[in-house]
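Trainee: Following is a predicted model, sequence given first.
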Amino acid sequence: MVNTRNILLIGRTGNGKSTLANVISGTKKFRERADSVSETRRIEVAEFEENITRDGSEKIRYRVIDTVGIGDTRLTPRAVLGTIQEAKEYLEQGLSQILFITNGRFTEEERIAYKLLRTVIFDNEVSRYTTIIRTNFPGFENEEDCRRDTQALKNENRELLDIVNSAKIIYVDNPPITSGNARRNAVNEETRAVSREILLTLLGTFRGNYRPENLIQMNERINNYKTEKEKLEEELKEKDKMMKEQGEKLQEQINNLSNQQTAKMKEISDECDKKIREAKEEADKRIREAQNQGNLSEKLLEMIEKNRADAEEKMLRFFVLMKPIMR
């Protein structure tokens, strides 16, 4: 029985991922393009066998799994995750290696890709099974050029230092072979053949099988995944809802307080009105009694009438002032 090793390709659109898949597999199954528009919208798979022994009695079967280009502006991160999710049946079998493909300095899209890879699809162990493949590197056969570029990768990508430090970095160059110039295509074929030898030697060194324990929760994690923008929008909506609720609660308290004040002021007003009315009735009663007995002088009567008029005027002013409050 031939053992099958799964190789997962991850990389930003335009980094030469599909070209690398063709070079490794020795096929032309994966469509190559020179621009940065992704041709891979769903996963593509190719299998090939390599002899372990010279007589071909022992072989290894490799399965190359090419994923959608992470960083494609026409696909949201959630859509990309959904596409990678299609490879779940292969992921559950385990991965011999993950090839993280870049053609230069790591871009923001590639940092996002690695974050998605580590936090949503896999786990923190992923860096142990990841190899960085630096493509489009004409000096890939020059050890000093490769060493300098490796150091530059480490210096310029502090956010990805864990993967840069723990992963192997392999340099290749896979120039196009469809230029229309036969001589150039022949030279490029030779360059790609050298790259393939490097890649096959690399694949032959892998012995482990990476099978993340949390793959069973992959669907749930992908469904729950939110971008930073989505998280911010949700946070703003939640804060807006909270402020609205607090405003309504405050207005209710103000209304309750206003109603309480109005009721209290009305109670005071009614009490004052009652006392003035009682005092007036009492005064009228005494005036009538005094008049009947002839004991009330004209001057005193005038003074009583004046005091009563003043009291009525003050009461009227009081009601005028209270009227806006009691509304």
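Mentor: Nice, thanks for sending it over. Residues are numbered from 1 along each chain as shown.

Trainee: Okay, and residue 238 sits in which element?
Mentor: Following DSSP states H and E, the helix or strand that holds residue 238 is helix 228-293.

Trainee: Also residue 50?
Mentor: Taking DSSP H and E as the definition, residue 50 sits inside strand 44-51.

Trainee: just how off-centre is the helix or strand following that strand within its chain?
Mentor: Toward the C-terminus, strand 44-51 is succeeded by strand 59-66 as the next helix or strand (DSSP H and E). Put simply, strand 59-66 sits 34 Å off its chain's centre (CA atoms, centre = their mean, to the nearest Å).

Trainee: And stretch 96-111, by the same measure?
Mentor: Using CA atoms, centre = their mean, the offset of stretch 96-111 from its chain centre is 21 Å.

Trainee: Likewise for stretch 43-57?
Mentor: On CA atoms, centre = their mean, the centre of stretch 43-57 falls 41 Å from the chain's centre.

Trainee: Buried residues, the strand holding residue 50. List them.
Mentor: Residues 44, 46 are the ones in strand 44-51 that count as buried (16 or more other CB atoms under 10 Å). (C-beta placed from N, C-alpha, C; glycine too.)

Trainee: Name the nearest residue to residue 93, sequence neighbours excluded.
Mentor: residue 6 (6.1 Å; CB to CB, 6 or more residues apart in numbering).

Trainee: residue boundaries of the strands in this protein?
Mentor: With DSSP state E as the criterion, the chain has strands at 3-11, 44-51, 59-66, 97-102, 130-134, 168-171.

Trainee: in this protein, which helix or strand is least confident?
Mentor: helix 298-326 (a mean of 61; mean pLDDT, DSSP states H and E).

Trainee: Spatially nearest residue to residue 121, not counting backbone neighbours?
Mentor: residue 84 (6.0 Å).

Trainee: Verify the contact between that neighbour and residue 90 for me.
Mentor: No: with contacts counted by CB atoms under 8 Å, residue 84 stays clear of residue 90, the gap being 10.5 Å.

Trainee: Outline the domain layout of the chain.
Mentor: 3-225, 235-326 (automatic domain parsing).

Trainee: tell me the most buried of the ones you listed?
Mentor: Most buried of the domains of the chain by mean neighbour count (mean count of other CB atoms under 10 Å) is domain 3-225; its value is a mean of 17.

Trainee: partners of residue 59 in the sheet?
Mentor: residue 51 (DSSP bridges).

Trainee: gap between it and residue 49?
Mentor: 5 Å (CB to CB, to the nearest Å).

Trainee: got it, and residue 6?
Mentor: 14 Å.

Trainee: follow-up on the earlier one: okay, the angle between the strand holding residue 50 and strand 59-66?
Mentor: For strand 44-51 against strand 59-66, the angle by axes from the mean of the first three to the mean of the last three CA atoms, to 10 degrees is 160 degrees.
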